[in-house]
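1. following is a predicted model, sequence given first.
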Amino acid sequence: MGSVTSGTLGVRRTTKFVVKTRFILPALALLSFGAAACGSDDAITVNDPWARSSPAMVTMGAAYMQIAAPAGDTLIGVTVPASIADHAEIHEMVPAAEADSSMDMGDDSSMEIGDHSSMDMGAMVMQQIMSLDLPAGETVELKPGGYHVMLIDLASPLEIGSTFDLTLDFETADDMVVSVEVREG
Ligand SMILES: [Cu+2]
């Protein structure tokens, strides 16, 4: 959980590309044995971090990105400078019916037909999750309508073209600071 300066990401990405190209054949050979031995290839990569611009009266913001952890990891926290927002949370989108339900685990007979109109098909609500699993070999996408980083109590509106730092806290890997670009939502 050491700190990483914000300039590191771009350098790391460039380096990774070169390494990957040069060692692609040995890497494939290793993969055929089901083992990835090259430590530098295990580095987590974060692509295209961006945030929606926020209207003047809105106090919450959302940030998105794609995260790949070749060796597998877990995102366990996100922090944002106080000059941007009070704090940040990891959120997921779930069907409203699921979020509201009182743990009625799929017992069909208990479904009362015509009882009420709470079954809003398609309605989604967001809720906080304490961690986001990053399975090995997969790219986890944070995007509108899915997982996202919620910025709570914005200090000021997020303006198009501005950038801010987000620190990603991983269970295994070192913290990573990414520069988030504000774009039109
Ligand atoms: Cu949210």
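-> Alright, I've got the coordinates.

2. make it CA atoms for all contacts and neighbour counts henceforth
-> Will do.

3. got the residues of the chain near the ion?
-> Residues of the chain that fall close to the ion, judged by C-alpha under 5 Å from the ion: 91, 150.

4. all strands for the chain, in order.
-> Along the chain, counting by DSSP state E, strands occupy 45-52, 60-68, 73-79, 85-95, 124-129, 132-134, 139-142, 148-154, 163-170, 176-183.

5. can you put those in CSV and add mean neighbour count and mean pLDDT?
-> Formatted as CSV, the strands of the chain follow (neighbours: other C-alpha atoms under 10 Å; pLDDT from 0 to 100):
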stretch, mean neighbour count, mean pLDDT
strand 45-52, 20, 97
strand 60-68, 21, 97
strand 73-79, 18, 98
strand 85-95, 19, 96
strand 124-129, 16, 95
strand 132-134, 17, 98
strand 139-142, 18, 98
strand 148-154, 21, 97
strand 163-170, 20, 98
strand 176-183, 21, 98
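
6. how many neighbours does the closest residue in space to residue 137 that isn't next to it in sequence have?
-> For residue 137, ignoring the flanking residues on the chain, the nearest one in space by C-alpha to C-alpha, 6 or more residues apart in numbering is residue 70 at 4.9 Å. Using other C-alpha atoms under 10 Å, residue 70 is surrounded by 18 other residues.

7. quick check: residue 70 touching residue 173?
-> No. With contact defined as C-alpha atoms under 8 Å, residue 70 does not count as touching residue 173 (11.2 Å).

8. okay, and the common contacts of the two?
-> Listed contacts common to residue 70 and residue 173 are 43-44; contacts here mean C-alpha atoms under 8 Å, 6 or more residues apart in numbering.
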